[in-house]
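Novice: I need the structure of the sequence given here:
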Amino acid sequence: MKALKIAVLTLMAISVVALAGAYTIQTDNKGEPQMSLDGGKSGPVPFPHLAHQTALGDCSICHELFPQQAGAIAALKASGELAKKQVMNKHCTKCHKLMKKEGQKTGPTTCKACHVKD
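Specialist: Have a look, this model is predicted:
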């Protein structure tokens, strides 16, 4: 009976550790804190990823358009599933302008403020 009790407690402990590990892996997939996005002919777009995570608190606000993986935007543009300016012009600046209108601190609202020519 004592051996069964030890076995059950051991399995419970292993289960707790496994679940905690799975939760940590799931919640730690936050990407790089700072990224550079391909801005096409207008030049690269420095993207403060961590600042957006902190301000928005919900990854799906942006990631409803593309998956949470490196190179996702470029891959979707190349396949034609995402229009060239769909993310930045229709999603990012729309959000920034709305926040500005509401008097909130926000990011750039013009093309040249984001695109940096070399």
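
Novice: are we agreed that residue 107 is in a helix?
Specialist: No - assigned with DSSP: H, G, I helix; E, B strand; the rest coil, residue 107 falls outside any helix and is coil.

Novice: for it, give me phi and psi.
Specialist: phi -90, psi -170 (degrees, to the nearest 10).

Novice: neighbours of it, just the number please.
Specialist: Residue 107: 17 surrounding residues under other Cβ atoms under 10 Å. For glycine as for every other residue, the C-beta is placed from the backbone atoms N, C-alpha and C.

Novice: wait, it touches residue 97, no?
Specialist: No - using Cβ atoms under 8 Å, residue 107 is not in contact with residue 97; the gap is 10.1 Å.

Novice: point out where this protein drops to low pLDDT.
Specialist: Low-confidence segments of the chain, defined by pLDDT under 70: 4-29, 118.

Novice: tell me the domain boundaries of it?
Specialist: Per automatic domain parsing, the domain ranges recorded for the chain read 1-30, 31-114.

Novice: which of the ones you listed sits most buried?
Specialist: domain 31-114 (a mean of 14; mean count of other Cβ atoms under 10 Å).

Novice: gap between that one and the chain center?
Specialist: Put simply, domain 31-114 sits 9 Å off its chain's centre (Cα atoms, centre = their mean, to the nearest Å).

Novice: over to stretch 106-116?
Specialist: 19 Å.
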